[in-house]
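Novice: I'll drop the sequence and a predicted model, then ask my questions.
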Amino acid sequence: MGAVGAVIGTLAVVVALLVMLLLRVEAAYKFFSGEPVDQRRTMPWMRSLRDERTEFIVEKRKLSGFEKTLIAVVVFGVGAFELWFFFFAGSSIGSS
């Protein structure tokens, strides 16, 4: 169980470091591109629904650099998995 705890702890630390790094990269991108740097973010699920009941206006905004990076990583990961699964994994049916 010690090995499992070490792996989980390592993964948690690596993910936290990556998130902090991506936030710094996003802040640098906004600084150099001249975009306003918002100090406080309110996630959509944290906003009050009372603000949206009378107005059904959907607020369109650009994706941030952080969001674009996460989307690119997920798309790359799914593509790599599909490439491995369909071309390199081989068949496990009847391979006993």
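Specialist: Looks like it came in fine.
Novice: how about the contacts made by the spatially most central residue of the chain?
Specialist: Nearest to the centroid of the C-alpha atoms of the chain, with distances taken as CA atoms, centre = their mean, sits Leu70, at 3.6 Å. By CB atoms under 8 Å, 6 or more residues apart in numbering, the contact set of Leu70 is Leu22. To be clear about C-beta, it is placed using only N, CA and C from the backbone, and glycine gets the same treatment.
Novice: what mean pLDDT does the helix or strand it falls within have?
Specialist: Counting by DSSP states H and E, the element that carries Leu70 is helix 65-83. Rounded to a whole number, the mean pLDDT of helix 65-83 is 90.
Novice: how far does that helix sit from the chain's center?
Specialist: Mean C-alpha position of helix 65-83 versus that of the full chain (CA atoms, centre = their mean, to the nearest Å) differs by 9 Å.
Novice: swap in stretch 4-14?
Specialist: Its chain's average C-alpha position is 19 Å from that of stretch 4-14, according to CA atoms, centre = their mean.
Novice: rounded mean pLDDT for that stretch, please.
Specialist: Averaged over stretch 4-14, pLDDT sits at 96.
Novice: stretch 26-45 now?
Specialist: Per-residue pLDDT values across stretch 26-45 average out to 76.
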